[in-house]
Every structure is written in structure tokens, then in C-alpha cells.
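# Need the 3D shape of this:
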Amino acid sequence: MMEGFYKPAEAAELMGISTATITRCKKMGAPVHHVGTCGRLYLIDPAEFMEWMNAQGEKSADERKRKLSVLELRAARHAICG
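Below you'll find the predicted structure:
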């Protein structure tokens, strides 16, 4: 295993989040590093992952500053919750 890179369950424990959160963030574009040729196994650099999550939080905070329509809120909820 590469130094500083962890399997999703290990990274989740280190970062204090669930593996479901990792999966959801991965679908939203969080940085992961694929291993092997089939692309199923991936590793996570926790520092890089948390930096991405923090950036998403800043974007969300900016979005909350303006009023959103009901349709925009539904779309945002669907994008986050899947």
C-alpha cells in the first residue's frame, strides 16, 4: 500500500466519517486513487479528501447565503443525498 493512502474503511475511521459518506463524496467527485485495472479498488489520501470536503462546505455556505427556490433546494438535496 502507498504511504499516506488508505482503504475507504481505514480512511473513514481516521477522518471520523462513515464509509457511506466516502462513497457519496466519491460520486460527487472527491479525489480517490484507483488501484488495479478494473477500477473497483481505490485508496484515499485523508488530507486530500478532507481538503476537498472543506471546499465543498465553503461552496455550500456561499449557496446558503442567497435564497433558493424549492426546485433548487430539491435538486441540491438530490445531488448530496443521491
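# residues touching the residue nearest the centre of the chain, list them.
Note on the chain: the residue nearest the mean C-alpha position is Cys25, at 2.3 Å, using CA atoms, centre = their mean. Remark: with contacts taken as CB atoms under 8 Å, 6 or more residues apart in numbering, Cys25 is in contact with Phe49, Trp52, Met53, Gln56. No exception for glycine: its C-beta is placed from N, CA and C like everyone else's.
# Nearest residue to Met53 in space, please, no chain neighbours.
Beyond its immediate neighbours in the sequence, the residue positioned closest to Met53 (CB to CB, 6 or more residues apart in numbering) is Cys25, lying 6.4 Å away.
# The one you found sits in which helix or strand?
In the assignment (DSSP states H and E), Cys25 maps to helix 19-27.
# Any buried residues in that helix, and which?
Ile22, Cys25 (16 or more other CB atoms under 10 Å).
# what does stretch 46-57 give?
If you call a residue buried by 16+ other CB under 10 Å, then stretch 46-57 has these buried ones: Pro46, Phe49, Met50, Trp52, Met53.
# Tell me, how many residues neighbour the residue nearest to Tyr6 when sequence neighbours are not counted?
Nearest residue to Tyr6 in three dimensions, chain neighbours excluded: Ile44, at 5.6 Å (CB to CB, 6+ apart). For Ile44, the count of nearby residues is 25 (other CB atoms under 10 Å).
# ditto for Thr37
Neighbour count for Thr37, taken as other CB under 10 Å: 7.
# Any stretches of this structure with poor pLDDT?
Low-confidence regions of the chain, defined here as pLDDT under 70, cover residues 1-3, 39, 58-70, 73, 77, 80-82.
# give me that answer again for 80
When residues are selected by pLDDT under 80, those of the chain lie in 1-3, 36-40, 57-82.
# ok, now which ones touch His34?
Applying CB under 8 Å, 6+ apart, we find His34 in contact with Leu41, Tyr42.
# Let's verify it: helix, strand, or coil?
strand (DSSP: H, G, I helix; E, B strand; the rest coil).
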